[in-house]
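> after the sequence you'll find the predicted model.
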Amino acid sequence: MTDAAPPARPEARSPRGFADRRGPDVAAERRIVARVTEVYERWGFEPLETGAFEYADALGKFLPDADRPNEGVFALQDDDDQWMALRYDLTAPLARFAAQNWETLPKPYRRYAFGPVWRNEKPGPGRFREFVQCDADTVGSDRPEADAEIIAMACEGLKAAGLTEGQAVVRVSNRKLFDGLFDAGGVTDPVQRLTALRAIDKYDRLGWEGVAALLGEGRLDESGDYTKGARLPGAVADTIRAFLGSASEGTRSETLNAIARVGGLGAAGEAALNELSGIDRALNAMGVDQAAVRFDPTIVRGLEYYTGAVFEAELLLETTDEKGRAVRFGSIGGGGRYDDLVARFTGEATPATGFSFGVSRLASALRAAGRNEAATRGPVVVIVFDEADMQHYLDAVAELRRAGIAAELYLGRAGMKAQMKYADRRGAPAAVMLGGNEIAVGQVTIKDLDAGRALAAGLVDNEAWKAARPGQQTVARSALVQSVRVIIEGSSIS
C-alpha cells in the first residue's frame, strides 16, 4: 500500500498586468485622489459613483465581437444572457448614467469620479490591466468656456497632486482641424482617415519621415514588421506636413495664427479655429499661464471618441528608472469634447467635455522622479514583555487610540529585539515599553524611532537637536500621550 500523493499546491503569483501595492504606494495614490478631488469640488463638481460593471453594449467601440465581447474589456455573461464588462474608463458609465437620469439632473451636469478601471490588453512596463483614474466632466454645455474650465481645473489639479510650475504642460488641439483638412483634400473613406490619424499620432516618436511613410504606402519598422499606409494624395500629405510644422512654443494665439496660415483646413477646420480662439479667450480671462497650456496641432487623442477639442497633459519632470536611467512618462492625463457619447443612448446630440488623471501613472511618475513624500506613518507599537501584564499593555494602546494616535499592541510571540525590529519595519514613530519595573513605579519608557532613523541616515548634524530628542526616555505613566505626541509632531526633520 502506497501513501497518497500530497495535493498539488498552487503557485503564489499575481495575474499579469495586476499589481499588488503596499502602504506607501496606496497612500501616494490616495493623497493624489484626495487633493485632486478637493480641487474638483471647489470648482463646483459633484461626486458620482457607478458600478464596476456596465452592460457590454454600453461600451460601444470596445465590442468587436457581439457573441463574446472580450477584446479590450473583461466580460462575462449574466444569468439573463446579457453580457456585462468591467468598466474600461469612467466616461462611458457617465454617458449611460446621464442618459438614464437626464430628466432629473441639473443641466449642465458637472460630476467627478475616481476609481479603478480595467483593460484587457497586453501588459508591459508601466502598463497595467487595472489602474486608477480620476475624472471631471461637464455634460450639457457646448460653450468653449466649458472646455477652458476643464483645462484650467486640470492645471490646478496637477499642482495639487504635487507638480510645480514647469513640470507639466497641457497641450490642446481640436479634432475638427483634421476633419476639415481631410474634407478639403477629398479624403472621405473613414478607414483611410483613421489610418492617417493613427500615423499622425506617432509624430512625436517617428518624426515626419516615419509619419510620411505611414501616410503613403506604408512603413517597415526596425523589427521587420510592415504597417500598411493610408495612401493619401500627395497634396494632402504636404498640407499635413505644413500643419504639423505649425506647432511652436509661442503663445496660444501665435500658434492659432500659424495654423490659419497653412490654409486648406476646410469649413470644419475654420470652425475648430474659432472654438480654440474661444478657449484661449476664456483661459486668458482665468489667468491661465501660456506655458501651462499650449495649443499643439500634433495632438491626436481618442480617434473614435472625441469630436472637438482634445487635451493631453504631458509630464516634463525628469524621471529615472531603478537603475538611474532617464525614462519618459509622456502623457499623465487627457480628455476632450465627446458630443456623441450620450447620443448613443438617446439619439439626441448632447455636448460633453471632460478630463481624466491617470492616478496610478502619475504616482509612478512622481516616484520615478524621486518625489516620494514622507514615508507612510506607521502606528506607535506597544511592546509586550510578560503575559501577566497584558492589561497594562491593552490600557496603554487604548489610551493612545482615544487620543487620536494610531497605535497597536504587538501580538506576535517574539522577544523584545524582534519586536523592536518589527516596530521599525512598520514605520512606527515610537515604541512604548512597560516592563515590570516601570509598571511598579508608575512609569513608561518610550523609544523615539524617528530620531534613531534620522541619526542612522545622517540627516541630522545639529547637536542641539540631538540633545532635545533623546533616543529613549522614561516618563511618568500619566505623561504617555503627551510624550508620544511630542515625538510625532517633531518628526519633520529639516
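Structure received. Residues are numbered from 1 along each chain as shown.
> CA atoms for contacts and neighbours, from now on please.
OK.
> contacts only, for the nearest residue in space to Tyr305 that is not next to it in sequence.
Nearest non-adjacent residue to Tyr305, counting by C-alpha to C-alpha, 6 or more residues apart in numbering: Tyr338, 6.3 Å away. Shown in contact with Tyr338 (C-alpha atoms under 8 Å, 6 or more residues apart in numbering): 305-308, 351-353.
> please repeat the previous calculation with a cut-off of 6 Å.
306-307, 352-353 (C-alpha atoms under 6 Å, 6 or more residues apart in numbering).
> and for Arg22?
Arg22 touches nothing, counting by C-alpha under 6 Å, 6+ apart.
> quick one, phi psi at it?
The phi and psi values for Arg22, taken as degrees, to the nearest 10, are phi -90, psi -170.
> quick one: average pLDDT of stretch 473-493?
For stretch 473-493, the mean per-residue pLDDT is 88.
> same thing with stretch 155-171?
The average pLDDT within stretch 155-171 is 91.
> now the end-to-end length of that stretch.
Its start and end residues considered, stretch 155-171 measures 11 Å (C-alpha to C-alpha, to the nearest Å).
> need the contacts of Tyr338 in a markdown table with secondary structure and pLDDT, can you?
Formatted as a markdown table, those follow (DSSP: H, G, I helix; E, B strand; the rest coil; pLDDT from 0 to 100):
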| residue | secondary structure | pLDDT |
| --- | --- | --- |
| Tyr306 | coil | 88 |
| Thr307 | coil | 90 |
| Ala352 | strand | 96 |
| Thr353 | strand | 96 |
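> show me where the stretch 251-400 of the chain has helices.
Ranges of helices in the stretch 251-400 of the chain, per DSSP state H, counting those that start in this stretch, are 252-262, 266-285, 343-346, 359-368, 390-402.
> show me the contacts for Trp118.
If you count contacts by C-alpha under 6 Å, 6+ apart, Trp118 has them with 88, 129-130.
> how about Val342?
For Val342, the contacting residues are Ala95, by C-alpha under 6 Å, 6+ apart.
> also Arg35?
Arg35 neighbours (C-alpha under 6 Å, 6+ apart): Ala160.
> what do you get if the cut-off is 10 Å, keeping everything else the same?
Contacts for Arg35 (C-alpha atoms under 10 Å, 6 or more residues apart in numbering) come out as 157-162.
> do Val39 as well
By C-alpha under 10 Å, 6+ apart, the neighbours of Val39 are 33, 45, 153-154, 156-161.
> let's see the pLDDT reported for the residue positioned nearest the centre of the chain.
Centroid-nearest residue in the chain: Val359, 1.6 Å away (criterion: C-alpha atoms, centre = their mean). What the model reports for Val359 is a pLDDT of 90.
> next: Pro64.
44.
> what is the least confident helix or strand in the protein?
Within the chain, no helix or strand scores below helix 463-468, which has a mean of 51 by mean pLDDT, DSSP states H and E.
> neighbouring contacts of the helix or strand following it?
The first helix or strand that comes after helix 463-468 along the chain, using DSSP states H and E, is strand 472-476. For strand 472-476, contacts defined as C-alpha under 10 Å, 6+ apart pick out 430-434, 438, 441-449, 451-452, 480, 483.
> now the buried members of those.
Those of these that meet the buried threshold are 430-434, 438, 443-449, 451-452, 480, 483, by 16 or more other C-alpha atoms under 10 Å.
> so which of the residues you listed are in helices?
438, 449, 451-452, 480, 483 (DSSP state H).
> from Val117, how far off is Glu348?
28 Å.
> more crowded one of these two?
The residue with more neighbours, out of Glu348 and Val117, is Val117; 18 against 13, by other C-alpha atoms under 10 Å.
> how about the contacts made by that one?
Contacts of Val117 by C-alpha under 10 Å, 6+ apart are 52-53, 73, 86-90, 129-133.
> am I right that Leu94 is in a strand?
No. Per DSSP: H, G, I helix; E, B strand; the rest coil, Leu94 lies outside any strand segment and is helix.
> what is the neighbour count of it?
When neighbours are counted by other C-alpha under 10 Å, Leu94 registers 21.
> which residues touch the residue nearest to it when sequence neighbours are not counted?
Spatially, and ignoring its direct neighbours in sequence, Leu94 is nearest to Thr50 (7.9 Å; C-alpha to C-alpha, 6+ apart). Contacts for Thr50 (C-alpha under 10 Å, 6+ apart) come out as 87, 90, 93-94, 96-97, 113-115.
> just the pLDDT for Thr50.
96.
> ok, the one 3 residues further on next?
Looking at Phe53, its pLDDT reads 95.
> let me see the contact set for the closest residue to it other than its chain neighbours.
In space, and not counting its chain neighbours, Phe53 is closest to Leu86: 4.4 Å by C-alpha to C-alpha, 6+ apart. Taking C-alpha under 10 Å, 6+ apart, we find Leu86 in contact with 51-56, 59, 73-76, 116-120.
> can you select the buried ones among those for me in ChimeraX?
Buried residues within the contacts of Leu86, by 16+ other C-alpha under 10 Å, are selected in ChimeraX with:
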select :52,53,54,55,56,59,73,74,75,76,116,117,118,119,120
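> out of the contacts of Leu86, list just those in strands.
Secondary structure assignment (DSSP state E) places 53-55, 75-76, 116-118 from these within strands.
> as JSON lines, those residues with distance to Thr138 would be great.
Formatted as JSON lines, the ones in strands among the contacts of Leu86 follow (distance: C-alpha to C-alpha, whole Å):
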{"residue": "Phe53", "distance to Thr138": "22"}
{"residue": "Glu54", "distance to Thr138": "21"}
{"residue": "Tyr55", "distance to Thr138": "23"}
{"residue": "Ala75", "distance to Thr138": "28"}
{"residue": "Leu76", "distance to Thr138": "31"}
{"residue": "Pro116", "distance to Thr138": "21"}
{"residue": "Val117", "distance to Thr138": "20"}
{"residue": "Trp118", "distance to Thr138": "23"}
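> would you point out the most distant pair within those residues?
Leu76 and Pro116 (18.0 Å; C-alpha to C-alpha).
> now stretch 206-218, how far from the centre of its chain.
Mean-position distance between stretch 206-218 and its chain equals 32 Å (C-alpha atoms, centre = their mean, to the nearest Å).
> can you check stretch 474-487 too?
In terms of C-alpha atoms, centre = their mean, the centre of stretch 474-487 is found 40 Å from the chain centre.
> can you dump the C-alpha atoms of that stretch in CSV for me?
This file holds the C-alpha atoms of stretch 474-487, laid out as CSV (Å, rounded to 0.1, in the frame of the first residue of the first chain):
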residue,chain,number,x,y,z
THR,A,474,11.4,57.3,30.8
VAL,A,475,8.5,59.4,31.9
ALA,A,476,5.6,59.2,34.3
ARG,A,477,2.9,56.8,33.0
SER,A,478,0.4,59.8,33.0
ALA,A,479,2.6,61.6,30.5
LEU,A,480,2.5,58.8,27.9
VAL,A,481,0.2,60.5,25.4
GLN,A,482,1.9,63.9,25.7
SER,A,483,5.3,62.4,25.3
VAL,A,484,4.4,60.4,22.2
ARG,A,485,2.6,63.4,20.7
VAL,A,486,5.8,65.5,21.0
ILE,A,487,7.7,62.8,19.1
